[in-house]
Structures are given as C-alpha cells and as structure tokens.
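*Asks:* What shape does this take:
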Amino acid sequence: MNGASTKTCISIAVAALCWTSVDAVSAAGDRSHGLSVFGDLKYAADFAHFDHVNPKAPKGGLFRTRGYGAFDSLHPFILKGKVGAGPRNQFQRDYTGVWESLMVWSQDEPDAVYGLIAESVTVADDGAQARFYLRPEAAFHDGTPITAADVVFSFETLKAKGHPKFRNLLRDVAAVNAAEPQIVDLRFRAGAPRNAIVTAASEIPILSRAYFKDRPFDKTTMTAPLASGPYRVGKVEAGRQLVYERMPDYWGRHLAVNRGRWNFDRIQVDFYRDRGTALIAFFADAYDFREEFTSKSWATAYDDKPPIKDGRIVRETLPDASMSGTQAWFFNTRRPKFSDRRVRAALDLAFDFEWTNKNLFYGLYKRTNSMFANSTLAQAGPPSVAERALLEPYRGSLPAKAFDQEYRPPVTDGSGAIRGNLRQAAKLLRQAGWRIKDGALKNPDGEIMTIEFLIWQPSFERIIAPYVRNLEKLGIQASIRRVDSAQYQNRQNSFDFDVVTIRFSLAETPGVGLLSLWHSREADVAGSFNLAGVKNPAVDGLLEKIMAAPNRDGLVTAVRALDRVLMWNHYAVPQWYKGAHNIAYWNRFSRPPTKPKFGRGVVETWWYDAAKAKASGAERPSDKQ
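*Replies:* Presented below is the predicted three-dimensional model:
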C-alpha cells in the first residue's frame with residue numbers, strides 16, 4: 001500500500017487471471033501444460049524453470065518478516081476470524097506456499113499459469129468444459145494423495161461455505177466431477193468468460209476432503225487445515241508469531257514451476273502493533289525484511305541508522321510493472337448522506353493532494369486517477385468510439401463528462417490554500433440540498449453532516465487530519481476513529497463505517513475478481529469487497545462486457561469504460577501510488593539477477609547467503625552456531 005498506508009490490502013491479483021488460446025490447445029483435444037487468456041505461453045512444455053529464479057539456489061536458513069495487529073484464526077478460507085499472514089506476508093488471507101492449486105501463475109506473464117497439482121489440461125473447442133489430469137505424486141502433508149474427490153470437495157465447499165470471494169471466483173463453474181481418481185472435469189456456464197478456466201485452475205486451493213470429514217468447515221480454528229504446499233504451519237504464538245516450516249519431502253519440489261523457489265527452511269512472521277513499532281524492531285534486527293509503505297519513514301528514518309551506514313542493511317527501490325490498482329478513501333454509499341454523487345464530488349474537492357505530497361510524502365507519489373493505475377487499462381483522454389458505444393446505453397444515468405473527457409482529480413497549487421476548490425464543493429453540496437445552519441452543514445431534515453474516518457493504525461492520522469480540517473471549513477463534522485485491528489475487520493465486513501481506506505491490487509488481465517469489487521449483487525453481502533456499496537446498472541453491464549471480452553482489445557475497451565463510470569461517479573476519493581517497491585533488508589540474502597516482472601519475488605526466490613552475511617557483518621548470532 002502506498003503512502004502511510006493502512007489496514008487491508010486485498011489481493012485479487014491472480015484471482016482475476018487467465019487461460020490459453022483455447023483453440024490452439026483444444027481443437028484437437030491436445031493436453032497442455034499451461035493456460036493463458038489471450039496469447040501464447042512463454043514457457044514450452046519441457047521448460048526447466050522460470051526465468052526469474054536461480055535453479056541452483058541453496059536451501060536452508062531463516063527468513064523473518066513482520067505482520068500487523070493480531071490474529072485469532074489459521075483458517076484462511078472462511079469469512080470469520082482475523083487470519084494470520086501467509087508466508088509471503090502480503091495479504092491477510094494469502095495461502096500461497098502452503099495450500100496448492102491445480103495450476104500456478106508464472107508472475108512474469110500477465111495472464112499465464114502452469115501445471116502444479118494438475119500435470120496438464122484439455123479444453124473443449126467451445127471453452128465450455130475443461131479436463132484436468134492430476135499428478136499421481138501430488139499429496140497432502142500427511143502423505144495421502146490428492147485426488148479428484150478432493151478437488152470436487154474443495155470447489156463445492158468453498159463455493160457454498162467459503163469466504164464470499166470464492167463464490168465469485170467459482171460463479172462460472174456449473175459443475176465439477178471426478179471422472180477418474182486422478183481426472184477432474186469442470187463444466188462452465190453458458191457465456192462464461194475466457195478467464196473462467198484459469199481462475200478455477202490457479203485461484204482455488206485444493207483441500208483435503210478426509211481432513212474435514214469430522215471437522216466443521218465454517219468454524220475458526222488455531223489449527224491450520226491440512227495442506228499440500230512447500231511449507232506447513234509450525235510454531236504458533238497466538239496473535240504474536242507464526243513460523244512456517246519447509247517440507248523437505250514436499251512432493252512438488254522437483255517440478256519446473258517450483259525449481260529455485262521456496263528456498264528458506266523457515267519463514268517467521270512476527271506481529272507488531274503498528275508500523276512505528278515494527279520499524280524500531282527492524283533496526284534492532286528483530287526481523288530481516290520490510291517493504292516500506294510510509295513515505296515519511298522512507299525519506300527520513302533510514303539514513304542516519306548505523307546498520308544503513310555500515311552496509312548491514314540494504315535499501316533498494318525495485319521497479320514494479322504490475323498494475324497499482326487503486327488506493328482511496330471509499331464512501332459507504334449504503335448510508336443516505338453519501339448516496340448523492342454531488343456530495344461525493346464535493347468531498348473529492350476538499351482533499352489537497354499536492355500539499356500532502358509536498359509536505360507529508362516528500363514528493364514521492366503520483367496522484368491516482370484510475371481504478372487501474374499504472375497500466376494500459378486506465379482511462380486516458382476522451383473515450384474512444386468503442387468506449388462511447390459501450391457507455392451509450394447508460395447515457396441517461398451517467399455524468400455527461402464520462403462521454404467526452406478523462407477523469408482527473410481536483411488539483412491545487414500545493415500552498416494549502418484551496419478556497420477555489422472549497423467554493424466549488426460548497427456549491428455542489430447546496431445543489432444536493434445541504435446548507436450551513438448554525439455553523440453546521442445540514443440536510444433539509446436538519447441532520448448534520450458527520451463523517452468518521454475508520455482506521456486501525458496511527459500512522460494514517462497525520463494524513464487524514466489536514467483533510468478533516470478542510471472538510472470542517474465546509475461545515476462538516478469530520479473525525480478520525482481508531483479501533484483495534486479485529487474490530488476494524490469486523491466493522492469492515494459488516495459495512496459499519498462511513499469511510500475506510502483500502503488498496504485494491506488487481507490483475508494484469510482482470511476478470512471475475514472485479515465482480516467482488518463492484519457488482520451490485522455483492523453490495524450487501526457481508527465480507528464483500530464492494531465496500532462502497534456500488535449498485536449501478538452501468539457498472540453491472542460493463543462488468544459483463546469485461547467477462548465476455550473476446551480478445552485483449554475488447555477487454556481494454558470495456559475496462560476503460562468501466563473505469564470512467566467508477567471515477568466520474570466519485571465512489572471514492574483517490575489517493576496516490578508509486579510504480580516501485582521500496583524495500584530494506586539485512587544484508588544476509590542473495591537473489592536471482594532477474595525479478596519476476598509482476599511481483600517482488602522476495603520470499604519465493606531469495607535464499608540465505610552465509611558468506612554475504614559474514615562479509616557484511618550482518619550475521620545473526622544464531623547463524624554462527
């Protein structure tokens with residue numbers, strides 16, 4: 001998350017991916033080792049390893065990173081509970097590296113996955129059916145084989161009882177059947193999008209049917225469900241620490257998709273109350289690696305530290321070609337005070353990004369003007385003829401500007417004086433029926449406009465506070481409410497908030513994951529990612545166009561049209577982004593010369609380097625023994 005970022009980083013990156021040119025793979029019923037949405041696969045069937053790994057990387061050592069808040073569950077597949085971070089420590093429900101799927105994303109192609117549990121796949125000519133052939137050696141950590149029955153159980157159970165995101169990911173799967181013990185057939189609904197097959201192949205974790213036979217699936221637990229990946233959950237200190245242990249006899253360790261990956265013997269995640277506490281612990285060598293999301297810290301908190309000066313800690317900025325998605329303040333439009341687009345546009349005018357970037361962010365960020373920032377999918381300039389054709393059926397309900405110009409956030413001179421923007425905001429509020437009475441902004445019923453910004457980390461208060469002061473100049477009673485991480489998660493899941501800050505991390509080839517964010521049927525589903533409560537026929541219609549896009553040009557056109565509708569409806573006040581990863585780490589690791597284009601590759605592809613640690617003086621006491 002960019003800036004002094006907050007709370008929840010929701011990953012639907014691979015959830016919105018991919019599949020191969022079906023015609024090339026399935027016209028003759030050929031079995032393929034991989035799938036992609038609109039183009040050829042980069043890696044041939046006999047590829048030895050991904051380009052961004054060192055296939056000879058040594059195994060061993062400890063990698064320590066950090067999480068925030070606490071956790072009360074190790075069951076990442078249901079809505080209930082605050083789940084401990086996964087091995088990559090990116091997202092609260094990240095199961096990569098522990099629970100395997102049928103296929104896995106390459107990370108250096110925008111929309112390609114390759115066989116993992118499934119050795120190969122065939123796809124029907126019309127794309128309506130797919131057959132996956134499971135590897136006979138694929139097994140859970142207790143040694144039991146992964147069978148077609150486990151795949152059927154996983155798909156059906158996650159769709160019926162899992163976290164709401166799985167219902168969307170599996171919405172196009174009409175049926176799943178075990179044709180043979182190691183063969184699974186998927187049938188897709190009529191008109192399913194091109195990426196439905198890869199979504200099913202790469203995003204659905206395969207769980208053990210036998211394990212859950214005598215255990216309730218929908219209950220939180222501090223015992224991690226039986227898994228099948230390179231790591232298992234080891235040591236657990238409730239709310240404080242998780243340790244993942246590498247499985248030396250992991251069944252998939254010799255596969256091309258895994259060669260050179262998952263090199264650490266142990267991955268330790270320590271949980272801290274907030275970012276400030278975690279930063280102090282990092283310099284004390286309490287953990288090894290952090291990606292810095294707080295611009296003030298990156299600009300001011302590192303240079304004078306002894307481990308930086310003497311080379312024991314390395315700072316780097318890695319290029320990030322992946323879509324930045326969006327980070328924004330999202331309004332809860334389920335609440336009447338935010339239901340009028342003019343009110344939301346007025347609130348957009350009250351945020352002074354230029355002053356914030358100059359005085360608080362040290363000029364490190366760019367202003368977000370799209371839900372698909374840092375990508376070719378972002379709306380830009382006037383809409384094309386093809387975009388206008390998609391927007392035309394909804395002309396009566398859309399802002400006129402959506403048809404002839406690009407959305408750009410309000411701009412200031414950075415001085416902090418934004419009287420012009422506030423005058424425009426006041427005018428919009430009056431048009432929406434709000435007037436200043438007795439020093440407060442009130443609607444015709446005499447209700448005062450109040451806005452509460454819900455947060456759980458103190459680092460964001462310094463950014464919201466100037467925004468609050470601008471809102472107060474409009475007569476709005478604005479406040480910041482900080483709660484603990486568990487309460488924050490519960491209030492977000494039940495939509496009990498006015499405004500929250502969220503960053504959505506999207507796929508390079510977005511698909512069904514977008515439904516979780518914007519479709520009207522998700523607006524009132526507890527735990528849905530449609531936090532703004534969007535219920536808009538134009539959005540629903542354009543989402544279906546995206547799902548049905550026949551090629552990448554059609555996809556780009558539909559996504560850009562959707563972007564215009566979302567931005568001009570002001571469902572959120574966009575914040576900022578940077579197309580890079582600011583990372584710092586103790587100088588005891590090595591990595592391949594090439595990083596994956598669309599990922600950091602840190603935990604998956606790095607390895608512990610004892611010689612480098614000793615030479616740099618970064619050797620841990622425990623490593624000397």
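*Asks:* Let me know the pLDDT of the residue located most distally from the centre of the chain.
*Replies:* For the chain, the residue at maximal distance from the C-alpha centroid (CA atoms, centre = their mean) is Asp438, at 44.1 Å. On pLDDT, Asp438 comes in at 93.
*Asks:* ok, now Leu169?
*Replies:* 88.
*Asks:* Contact partners for it?
*Replies:* By CB atoms under 8 Å, 6 or more residues apart in numbering, the contact set of Leu169 is Ala15, Thr199, Ala200, Glu203, Ile204, Val512, Gly513. To be clear about C-beta, it is placed using only N, CA and C from the backbone, and glycine gets the same treatment.
*Asks:* Could you single out the nearest of those residues to Pro382?
*Replies:* Gly513 (28.0 Å; CB to CB).
*Asks:* picking that back up, taking the contacts of Leu169 one by one, which sit in helices?
*Replies:* Thr199, Ala200, Glu203, Gly513 (DSSP state H).
*Asks:* So which residues of the stretch 101-250 of the chain form strands?
*Replies:* 103-105, 112-115, 118-123, 129-134, 173-180, 183-188, 231-237, 241-246 (DSSP state E, counting those that start in this stretch).
*Asks:* next one: the second one to chain centre, how far?
*Replies:* Think strand 112-115. 20 Å (CA atoms, centre = their mean, to the nearest Å).
*Asks:* State the mean pLDDT of that strand.
*Replies:* Mean predicted confidence for strand 112-115 is 94.
*Asks:* follow-up on the earlier one: redo the strands of the stretch 101-250 of the chain as TSV? Include distance to Phe453 and mean neighbour count.
*Replies:* Output for the strands of the stretch 101-250 of the chain, formatted as TSV (distance: least, CB to CB, whole Å; neighbours: other CB atoms under 10 Å):
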stretch	distance to Phe453	mean neighbour count
strand 103-105	35	28
strand 112-115	39	27
strand 118-123	45	23
strand 129-134	45	22
strand 173-180	39	15
strand 183-188	42	21
strand 231-237	32	16
strand 241-246	30	21
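*Asks:* Could you dump those into CSV with distance to Ala256 added?
*Replies:* Putting the strands of the stretch 101-250 of the chain into CSV (distance: least, CB to CB, whole Å) gives the following:
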stretch, distance to Ala256
strand 103-105, 11
strand 112-115, 8
strand 118-123, 11
strand 129-134, 16
strand 173-180, 25
strand 183-188, 21
strand 231-237, 19
strand 241-246, 19
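*Asks:* Of all those, which one comes closest to Ala281?
*Replies:* Closest among the strands of the stretch 101-250 of the chain, using CB to CB: strand 241-246, at 12.3 Å.
*Asks:* what's the spacing between the residue farthest from the centre of the chain and Gln477?
*Replies:* 12 Å (CB to CB, to the nearest Å).
*Asks:* for Ser505, same thing?
*Replies:* 33 Å.
*Asks:* okay, these two: which has more neighbours?
*Replies:* Remark: of Ser505 and Gln477, Ser505 carries more neighbours, 21 against 15, as counted by other CB atoms under 10 Å.
*Asks:* So what sits opposite the more buried one in the bridge?
*Replies:* Ser11 (DSSP bridges).
*Asks:* And it, how close does it get to Met323?
*Replies:* For Ser505, the distance to Met323 - CB to CB - is 8 Å.
*Asks:* Output the below-cut-off pLDDT ranges for the protein.
*Replies:* 1-29, 39, 88-94, 624-625 (pLDDT under 70).
*Asks:* picking that back up, name the nearest of the ones in helices among the contacts of Leu169 relative to Thr300.
*Replies:* Of all the ones in helices among the contacts of Leu169, Gly513 has the smallest distance to Thr300: 36.3 Å, by CB to CB.
*Asks:* Pull the number of nearby residues for that closest one.
*Replies:* 26.
*Asks:* Please report the distance of it from Ala523.
*Replies:* Taking CB to CB, one finds Gly513 at 16 Å from Ala523.
*Asks:* cool, and Pro248?
*Replies:* Remark: distance between Pro248 and Ala523 (CB to CB) = 47 Å.
*Asks:* Next: Asn177.
*Replies:* For Asn177, the distance to Ala523 equals 33 Å [CB to CB].
*Asks:* So Leu398 versus Ala561, what's the distance?
*Replies:* 10 Å.
*Asks:* Ile204 now?
*Replies:* From Ile204 over to Ala561 (counting by CB to CB), the distance is 29 Å.
*Asks:* now do Lys578
*Replies:* The value you get for Lys578 to Ala561, if CB to CB is used, is 27 Å.
*Asks:* which of those two has more neighbours?
*Replies:* Comparing Lys578 with Ala561 by other CB under 10 Å, the one with more neighbours is Ala561, at 26 against 20.
*Asks:* That one - that's part of a helix, no?
*Replies:* Yes: Ala561 forms part of a helix when assessed by DSSP: H, G, I helix; E, B strand; the rest coil.
*Asks:* The stretch 301-450 of the chain: strands as residue ranges?
*Replies:* 313-319, 326-331, 366-367, 435-437, 440-442, 450-455.
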